[in-house]
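> Give me a model of this one.
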Amino acid sequence: METLTQKPSVAIWGASGHARVVADIVRLQDCFRIAGFIDDLNRNRQGAEFCGATILGGREQLKLLRAEGVEHLLMGFGDCRMRLKLTEFLQAEGFVLPLALHPRAIVAEKAIVGAGTVVAAAAVINPGVTIGRSVIINTAASVDHDCVIGDAAHICPGVHLGGSVEIGQSTQIGIGATVVSGVHIGAGTLVGAGAVVVRNIPDRVIAYGVPARVKRRIDQ
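Here you go, the predicted structure:
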């Protein structure tokens, strides 16, 4: 368990694999103490040890956290649509969403990175990039110059985005995919692992393949 320090506390929403990654980044940054984890799906885990801290319970714990002076919260799960909803909810509740930046990621000085975004180890974000809130730039992903990435998108491990790519909010670009320069990918879309995207892709579709083609719409 972590010992108390003068560092401010942060809670992490999620208690599975990605939450471990986020917790590791937080500890390496050494700016926050982890107050605990929120698990809104598995209520029977309340009080259990997880990743060096405690699973506090579900969202009912938020008011208790605020009462205890915990003002910072990070999301540690991959569901893009839920991250977008919770971003709005948590900011309305007065929580601050800090940046989780792995010390071995590279972020250009002039890049803009939004609140609550997680940038994992070996990721590269180049000049002129604008990244929204609660985005995941995952392990060894690269985002080249002048890209624009919408809120709550997930750029999965090993993805490479060429220059001036636009990614809509809540869109996931699957592991190892490549997106050529100048392509626009809409909101709420899923691009499959290993895809090569050479032309624009609309909102709310599933696309994969080499080259990537739209396979079906996402109805919900």
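
> rest of the way, CA atoms for contacts and neighbours
Fine.

> was I right about G36 contacting T54?
Yes: counting by CA atoms under 8 Å, T54 is a contact partner of G36 at 5.0 Å.

> These two: who's more crowded?
G36 (26 against 19; other CA atoms under 10 Å).

> tell me the phi and psi of the more buried one?
Main-chain torsions, G36, degrees, to the nearest 10: phi 150, psi -180.

> List the residues that contact the residue most central in space within the chain.
Using CA atoms, centre = their mean, the residue of the chain that lies closest to the mean C-alpha position is I136, 2.7 Å off. Contact analysis of I136 by CA atoms under 8 Å, 6 or more residues apart in numbering lists T117, V118, V119, A120, A152, A153, H154, I155, C156.

> what comes up buried for stretch 71-89?
When burial is assessed from 16 or more other CA atoms under 10 Å, stretch 71-89 yields the following buried residues: 71-78, 80-81, 83-84, 86-87.

> For those residues, please prepare a markdown table with the additional fields secondary structure, distance to I201 and pLDDT.
Below are the buried residues of stretch 71-89 laid out as a markdown table (DSSP: H, G, I helix; E, B strand; the rest coil; distance: CA to CA, whole Å; pLDDT from 0 to 100):
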| residue | secondary structure | distance to I201 | pLDDT |
| --- | --- | --- | --- |
| E71 | coil | 38 | 97 |
| H72 | strand | 35 | 98 |
| L73 | strand | 33 | 98 |
| L74 | strand | 30 | 98 |
| M75 | strand | 27 | 97 |
| G76 | coil | 27 | 97 |
| F77 | coil | 25 | 97 |
| G78 | coil | 21 | 96 |
| C80 | helix | 18 | 98 |
| R81 | helix | 18 | 96 |
| R83 | helix | 22 | 97 |
| L84 | helix | 20 | 97 |
| L86 | helix | 26 | 96 |
| T87 | helix | 25 | 96 |
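
> quick one: which of those is nearest V165?
Comparing the buried residues of stretch 71-89 against V165 with CA to CA places C80 closest, at 18.8 Å.

> Contacts only, for the closest one.
C80 touches A152, A153, H154, S170, T171, Q172, counting by CA under 8 Å, 6+ apart.
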